[in-house]
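Visitor: quick one, fold the following:
(one chain, ligands or ions: 1)
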Amino acid sequence: MTTPHLSQFPTGFTWGVATSSFQIEGSTFVDGRGESIWDRFCATEGKVKNGDHGEIACDHYNRFAEDIALMKSLGVKAYRFSIAWPRILPSGSETEPVEAGLAFYDRLVDALLEAGIEPWVTLYHWDLPQALQDEGGWLNRRIVERFVHYTEIVAKRLGDRVKHWITINEPWVICHLGYGVGEHAPGLKSIRHSLLAAHHVLLAHGAAVPVIRRHVSDAKVGITLNLCPSEPASESPWDIEANRSFDGFFNRWYLDPIFGRDYPADMVQEYTERGDFVDHATWIEEGDMETIAVETDFLGINYYSRAVIRSDKVSEEENWERTVFDDGPRTAFNWEVHAPSLERLLLRLTNDYGAKAIVVTENGASYPTAPDANGVVADVERQAYFEQHLSACASAIAKGATLTGYFAWSLLDNFEWAEGYEQRFGLVWVDFDTQQRIPKQSALWLRDFWS
Ligand code: FCB
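Guide: Predicted coordinates:
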């Protein structure tokens, strides 16, 4: 394994760690915060492992000062966190925001700046106000104006201090897992609906960008996509065909429209044939694709793993099957560790899409490694994961990739959505009984790497 060196990254490169509101904050019904779809989902039996929920999580709402001190001690230069929409607007669309909610993020931002850490705000990382879900959530086009209203409030309040903005985190997960297969909140199961939701998610992004720019001088704005580079399992035409389809479903459906290429024609045809994209003439309005293709300052990408695609159902409707090779090492989540795919992805975004700036807004791995008898968390696999993926980034940069920043996921072990607290992605171990934090060996390695 090659060891990455800081000198392989350009000066001004952003080094950070990431979290999201629902996964760490806790205090779910404190200071006027409204119910989110994830509170509801957690309260629904059988949706989240072990009946876990976000009510306490990492208690970050109360312990943010300690967590910022921790970041400072780890040499973190930038912190990507998200705003909980229901803390600002409990039912999603009130005219006046909740002062206590805004005040919390004020305190957080001020403490970060004081610690010399640059705040990167994500406006939507999945905790939609439940009241908006009750009017259809991302299926109802009204959500676009709701999101713009919320964006405007937050941008006005924090824009004097926050210069980096991410509109939306991971449209594919929001839409496919939330509306397509029901593994995430709100737990709906219709591919047709997931495509409608995706259109509104992308539209909300496009509509919010100029609003952020209007209220924030020198704003740098982007969206974060989770991308999964894929490859065919063999040279067989069926595998190649299945791979095209997987790539279209996972990556191109989101990448193409934000880069002004419209929805990919092959996927439009495929979804139309399957009956999933039949009524779009009623919901794609004139000007929508231009709104979605709004110019941004960077593309955020979350990379965890690749997919190797083998087709074994060529005669049926869904003619691809995702297969992951067995010989690669896996994380505890059973995601294959495959750093070369990150290099390939960065080069594709640079060369095929012309992305002028790419930021890895999440990259990391889940392993259960716990403190040993001396209180040391020797997470050697996670450290190796970071070494490999940073080497892949360095190599991509050497070949011309326009990568300008990297955020490790995640600062803390936290609430990993449908997996509850079972999957630990933290650089810092969290004892969920005592809320004690212990930086893992991987965190110390990163500190030494980027300091
Ligand atoms: C991403 C999410 C993030 C975290 C990681 C493991 O899909 O954005 O919140 O759950 O996966």
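
Visitor: around the ligand, which positions in this structure sit nearby?
Guide: Within the chain, the positions near the ligand by C-beta under 6 Å from any ligand atom are 20, 23, 169, 170, 173, 226, 302, 362, 409, 416, 417, 425. Using the backbone N, CA and C atoms, a C-beta is placed for each residue, glycine as well.

Visitor: among the residues you listed, name the ones in helices.
Guide: Judged by DSSP state H, helices contain the following of the residues of the chain next to the ligand: residue 23.

Visitor: what about the residues of the chain next to the ligand, which are in strands?
Guide: Judged by DSSP state E, the subset of those located in strands is 169, 226, 302, 362, 409.

Visitor: which one's the longest helix in this protein?
Guide: Ranked by residue count, the top helix of the chain under DSSP H comes out as helix 191-215.

Visitor: please point out which parts of that helix sit buried.
Guide: In terms of neighbour count (16 or more other C-beta atoms under 10 Å), helix 191-215 has its buried residues at 191-209, 211-213, 215.

Visitor: shaky segments in the stretch 251-400 of the chain?
Guide: Counting by pLDDT under 70, the stretch 251-400 of the chain shows low-confidence ranges at 313-322, 324-326.

Visitor: the same query, at a cut-off of 80, please.
Guide: 312-327 (pLDDT under 80).

Visitor: show me the helices in it, by range?
Guide: Taking DSSP state H, counting those that start in this stretch as the criterion, the stretch 251-400 of the chain carries its helices at 253-258, 265-273, 288-292, 340-351, 380-398.

Visitor: tell me the one among the residues of the chain next to the ligand nearest to residue 13.
Guide: residue 362 (16.5 Å; C-beta to C-beta).

Visitor: ok, the closest one - contacts?
Guide: 18, 224, 226, 302, 303, 304, 407, 408, 409, 410 (C-beta atoms under 8 Å, 6 or more residues apart in numbering).

Visitor: got the contact list for the fifth one?
Guide: Under the criterion of C-beta under 8 Å, 6+ apart, the contact list for residue 303 reads 226, 227, 341, 342, 345, 360, 362, 363, 389.

Visitor: equivalent analysis for the third one, please.
Guide: Contact analysis of residue 226 by C-beta under 8 Å, 6+ apart lists 170, 172, 173, 301, 302, 303, 304, 362.

Visitor: what about the second one, neighbour count?
Guide: For residue 172, the count of nearby residues is 22 (other C-beta atoms under 10 Å).

Visitor: picking up where we left off before, can I get the helices of the stretch 251-400 of the chain in TSV including mean neighbour count?
Guide: Conversion of those to TSV gives the following (neighbours: other C-beta atoms under 10 Å):
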stretch	mean neighbour count
helix 253-258	22
helix 265-273	15
helix 288-292	18
helix 340-351	20
helix 380-398	21
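
Visitor: how about those in JSON lines, adding distance to residue 61?
Guide: Formatted as JSON lines, the helices of the stretch 251-400 of the chain follow (distance: least, C-beta to C-beta, whole Å):
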{"stretch": "helix 253-258", "distance to residue 61": "31"}
{"stretch": "helix 265-273", "distance to residue 61": "41"}
{"stretch": "helix 288-292", "distance to residue 61": "34"}
{"stretch": "helix 340-351", "distance to residue 61": "33"}
{"stretch": "helix 380-398", "distance to residue 61": "26"}
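
Visitor: tell me how far the residue most central in space within the chain lies from residue 267.
Guide: For the chain, the residue nearest the mean C-alpha position is residue 169 (4.1 Å; C-alpha atoms, centre = their mean). Counting by C-beta to C-beta, to the nearest Å, the gap from residue 169 to residue 267 is 22 Å.

Visitor: again with residue 25
Guide: Distance, residue 25 to residue 267, by C-beta to C-beta: 37 Å.

Visitor: and for residue 256?
Guide: In terms of C-beta to C-beta, residue 256 sits 9 Å off from residue 267.

Visitor: so who does the residue nearest to residue 411 when sequence neighbours are not counted touch?
Guide: Nearest residue to residue 411 in three dimensions, chain neighbours excluded: residue 17, at 4.3 Å (C-beta to C-beta, 6 or more residues apart in numbering). Shown in contact with residue 17 (C-beta under 8 Å, 6+ apart): 71, 74, 76, 79, 80, 407, 408, 409, 410, 411, 427.

Visitor: quick check: the third one is in a strand.
Guide: Spelled out, that is residue 76. No - counting by DSSP: H, G, I helix; E, B strand; the rest coil, residue 76 is located in no strand; its state is coil.

Visitor: just give the nearest non-adjacent residue to it, would you?
Guide: residue 17 is the one closest to residue 76 (C-beta to C-beta, 6+ apart), at 5.3 Å.
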